[in-house]
Every structure is written in structure tokens, then in C-alpha cells.
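> Sequence first, then the predicted structure, then my questions.
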Amino acid sequence: MRSVTFFGYIRRDLLHRRGRGEVLMGFFAIMFATATLQVMLIIAYSVNQMVDRSLEKARPLLGVIDVRPRYKGELTAEQVAFLKQLPLQNQSSANTDEKATGNIAAVSLIVESMDQDFNIWRQDKSSSLLMVSSLAVPYEDAMLDPNYGMTYFGNGRPFEDKPDTWDFEVIVNSRFLGRDGLGYDQTTIEAILKGDRVLTLPIHFVKNIDSEGINIDIGILDIPVTGIIDLKDGAYPDLWFSFDVARAFYYLGQRQWNPSYILQFHDQTGQPLLPLSVEAKNNHQGIQQFHLSGEYPPGTSQNGIIKDYFELPAKPSSVDDDIPYSRALLWIDKFKDAREREAVMRRVNDSSMGAELASYPLDYTLSKALNHIRPIVDTFVSTAIFILAALCIFTMLLFGLGHIYRKTRDIGLLRACGLNPLTIIKLYLSQIMALVIVGLVIGIIVAIPLAQLFEPWVNDVIKDLIPDSEKIDPTQIVEVVVIANMANIITTAITVLLASFIGGIFPALYAGQVDPVKQLQSQL
């Protein structure tokens, strides 16, 4: 009953017309400070989330070092062995003391230019051939792992190593789908990315043997695309072939693609890519030639004469040692730290292979800019917390003194009725904190939708801080999504409550020192 009377008096006294102006001033000041602080914390949290998300998404550019041979076009066996050992020689994280470690998470060995003997056509098979770039990496490579920043669409997945079959599979870069590549419109591209439409790549398998023209022409095959990868920047190629394609391309050092290989390949479902058989026959001159037989897919050539048929080994893995790698990508372990790039490059340059290998960062302009944003935001928020906490203290000090001044007669009557100073202090400090709690709750409720209105402005400011880059479009990666979380709400509540409590102590102590005799005499 006593507590009901205590809190009932607090409610009636705050709502009484005498002192209502001070109550409204205090309420709106607390609500303003709470909403402002909550909006700032939401924006700061969202920006920091954007920084982490953008660094993760841009890892294929920001988190790698490109390593190439200095004097030759291909990596030697000794250089490949050296690069493979780098992740096994990392420093222990316990001994780094916050310094750049130069640790490497993985190494990607790259084979390039398998497409030079393919004719790649637009999706409408128009007369204009496409100039494309391509690569292949070993199965289970980091470049095929979504954990390293590769985003696959639709039914995309990394290539699988099938040891007993030759697999012709291809992943297409999403930028290759547009008008500069396969020629699809935006509506079709969106359907392809959602998996609502099957994507095939028109490849014309031909070979020029001599000046008289083409004597091997298997025709245009619509190769089912295994997946679509989202790397719009120019540092990565248009097409990613499965490693079996590289194995066949460099088989026995031929260094050229032969269309007869396609007769031995399978697609991603394990079915023959071209269900034709090869039969050896002697012509009228007694020279052995190979003839194709079987059912041709629609739109393909029916030129079945093959003069130089190449047969692949039964097991694709048997030609792994013959693959010449053109370069390697070193995946930085702590790639979000811009210092790690220099540390990895120093590690390569100072090694025994430093004179033979050249290392380059692909592009870490975005990384440096993003890493500069976080301390700016943290400093801004810290300053805002300090200023708004001071505002709460000052507001509660003014509100409390003004409120107590108007209530001195009531305090005198309460003292005359037997309330001791400690009870008076508790009573008016509770009034101040009750007003703070109401303003705090309403301020947080107002701030959450209000913060959403700042999202376009925050994105414009952040994008202005990101410098232009030739290899990456920051607008495709950097996007702030304003969201609130419980930690921000708790931080706001603790800051406002603590600051208001500090500001309300002095007025409450002043209320406890009111002399009841003087107050009663002043009423006579």
C-alpha cells in the first residue's frame, strides 16, 4: 500500500499544472537526446556492418596478391612447389602482437587462355565472334570456394573432380551475360540469375590445319553452364573452365585445343557431351582416317572426317604434372587489414624465390578507404555519446532545479507531515527518473523508423568517400542497410539513464534540504 501511494504521488505531482512547463521541457529534451543518440548508434552499427560485408564481398580483389614469374611466361615446378608451401609456413597468431603477419590462407594456381582455339558465339549465334578471357584452377581450389568471396547464382556450384571421366564444364562471369558478352537483356539476365532459365554457352569446335581451310568442324554446341559467378570487375576473366579442360588443352604439350577431344568429354550430369562415336577407316589411298558416326545435335556440322584424332588418357589426373601454370593468387589470411598486403608481398620478395617471382596487389583502394571509414565513425559516435550524455546531465539539472523550486511549498508540507529528508530525496529523484524512462522509451520508438530515412543520405556520403577504381565498382559492393540491434538500444538506455541519474542527484539533494519551518512561515 505504501509503494502504491508513493508511485501514485509521483504520477499526480508530475502531471500537476504547477511545474508542467519544466516537466514538458525535461521530457522533450530526454526524448530528443535519446532519439538522436539511437539514430547515431544505428547508423554507426550499420556502417560498420557495411564495412565488414563489403570487405567480405570484395575479397577476390582486396584479399589476394597476384604472383607471376619475372622472366618467363609460366611458373616453373620449383616455383609452384614454393608457392604451395607458403600457407604451411604461416606465423603463429599468438606471436603476432597485433603486427601484420603476412599469413596466407590458400594459394590458387591458375591456367589461362584455353579459349584461344574455341569460337565463342553470342546467344543468338550471330556472325560476330566474342573476344573472351578464361582460366582454370585445380579442383577444390580456393577460387571455387564461396567462403573466399565467390558468389554463385542459380544452381551454381564449384566444379567436382570425377577421377574416371573427362568433364567439360564452364562457369560464366555474370558480367559476360550482357550486351558486351552473350547479349541477353536485363530481364533475361535476372531470370537466369534466379535459376528460372537454363543458360548454355554456344561454343564452335573447329581447327585450322592448313591453308586449304577447316578439316575438323564439329560445329556449334550449346554447352550447359555449371554456374554463374558474380565478379564484375576486370581482374577476373569471362569464363572459368573445369580443370579437365586445362588438362586436355595442355595434354602432351600440344598447347592447342583439338576438337576431337570433345568426343571424350561428359557434361555436369555425367552424360557424353557429344554422343558420337569415332571409327577408324582407310580411304581409297590406303590412308587411315577417323569418321564420326551417330546422331548430331541440331545446328551442328556433319563434317565427319577427322585426320588427326587425339585420344585422351583414361584417367584425367594422369596429366596433372604436365599443366603449366601462368600465375598464382595468394589469399591473405587477415585480408581486412590493409597492412597484410605489404606483409605478404615482403614475404614473397624476401624469400629464396624473390628474384624470380613478382608480386602485385590486385586493387586495395577500396580496402584502404573502408578501413578509414570505421575509425571516423567510431570517433563520431564517441563524441556524440559524450555530448548527448552532457546534454542529459545539464537538462536534468535544469529541469530538477526548476521543478523543485516550484514544489518547495509542497516539500515543506510533506516535511511537516513527518517525511524525513531521505524519503524526500528518493521521492523527487524517482520523479526525475520516471520522466527520463518515459522520454527514453518514446525516443527509442521514434528513432528506429527515423533512422531508416537517413539510409539514402548515408549511402551517398559513404560512396563519396570511396575513390574511383579501374578494377572494381564500389557501388556494386558498398551499400549501407540501416538496421537496429539490441546492443544499440541497451547502449542508448544505459547512457541516458546514467547521465540523467547523475544530473538528477543534485536537485533531489536540494529537495531534501528544504526547511519546512521557513516554507510554512512563507505561507502566512
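That came through, no problem.

> Now the closest residue to residue 29 other than its chain neighbours: which helix or strand?
In this structure, residue 29 finds its nearest non-sequential neighbour in residue 395, 4.0 Å apart by C-beta to C-beta, 6 or more residues apart in numbering. (Each C-beta comes from the backbone N, C-alpha and C, glycine too.) If you go by DSSP states H and E, residue 395 is part of helix 365-406.

> Just give the number of residues close to residue 23.
19 (other C-beta atoms under 10 Å).

> how about the helices in the stretch 301-450 of the chain?
Applying DSSP state H, counting those that start in this stretch to the stretch 301-450 of the chain gives helices spanning 339-349, 365-406, 408-416, 421-452.

> any chance of the ones you listed in a markdown table, plus mean neighbour count?
Shown next, in a markdown table, are the helices of the stretch 301-450 of the chain (neighbours: other C-beta atoms under 10 Å):
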| stretch | mean neighbour count |
| --- | --- |
| helix 339-349 | 19 |
| helix 365-406 | 18 |
| helix 408-416 | 18 |
| helix 421-452 | 19 |
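
> How is the protein divided into domains?
Following the assignment in automatic domain parsing, the chain carries domains at 2-58+368-521, 64-107+326-361, 114-324.

> Dump those to TSV, plus mean pLDDT.
Formatted as TSV, those follow (pLDDT from 0 to 100):
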stretch	mean pLDDT
domain 2-58+368-521	75
domain 64-107+326-361	85
domain 114-324	79
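
> ok, back up a step: show me the contacts for the residue nearest to residue 29.
25-26, 29-30, 33, 500, 503 (C-beta atoms under 8 Å, 6 or more residues apart in numbering).

> 7 Å instead?
For residue 395, the contacting residues are 26, 29-30, 503, by C-beta atoms under 7 Å, 6 or more residues apart in numbering.

> could I get the residues you listed as a markdown table with secondary structure, neighbour count and distance to residue 488?
Formatted as a markdown table, these follow (DSSP: H, G, I helix; E, B strand; the rest coil; neighbours: other C-beta atoms under 10 Å; distance: C-beta to C-beta, whole Å):
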| residue | secondary structure | neighbour count | distance to residue 488 |
| --- | --- | --- | --- |
| 26 | helix | 26 | 24 |
| 29 | helix | 21 | 21 |
| 30 | helix | 28 | 17 |
| 503 | helix | 24 | 22 |
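
> which among those gets closest to residue 315?
Top of the list for closeness to residue 315, among the contacts of residue 395 and by C-beta to C-beta, is residue 30 at 75.2 Å.

> who does residue 240 bridge with?
Note on residue 240: beta-bridge partners by DSSP bridges are residue 135, residue 171.

> Of all the helices of the stretch 301-450 of the chain, which one is nearest residue 129?
helix 365-406 (33.9 Å).

> for the closest one, the distance to its chain's centre please.
How far helix 365-406 lies from its chain's middle: 30 Å, per C-alpha atoms, centre = their mean, to the nearest Å.

> now the contacts of residue 395 as a markdown table including distance to residue 129?
Below are the contacts of residue 395 laid out as a markdown table (distance: C-beta to C-beta, whole Å):
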| residue | distance to residue 129 |
| --- | --- |
| 26 | 76 |
| 29 | 71 |
| 30 | 70 |
| 503 | 76 |
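
> nearest to residue 119, of these?
Once C-beta to C-beta is applied, the member of the contacts of residue 395 that ends up nearest residue 119 is residue 30, at 72.1 Å.

> ok, the closest one - contacts?
392, 395, 435-436, 439-440, 443, 496, 500.

> change it to 8 Å
Applying C-beta under 8 Å, 6+ apart, we find residue 30 in contact with 392, 395-396, 435-436, 439-440, 443, 496, 500.

> Just read off the phi/psi values of the residue nearest the centre of the chain.
For the chain, the residue nearest the mean C-alpha position is residue 57 (2.4 Å; C-alpha atoms, centre = their mean). The phi/psi pair for residue 57 (degrees, to the nearest 10) reads phi -70, psi -30.
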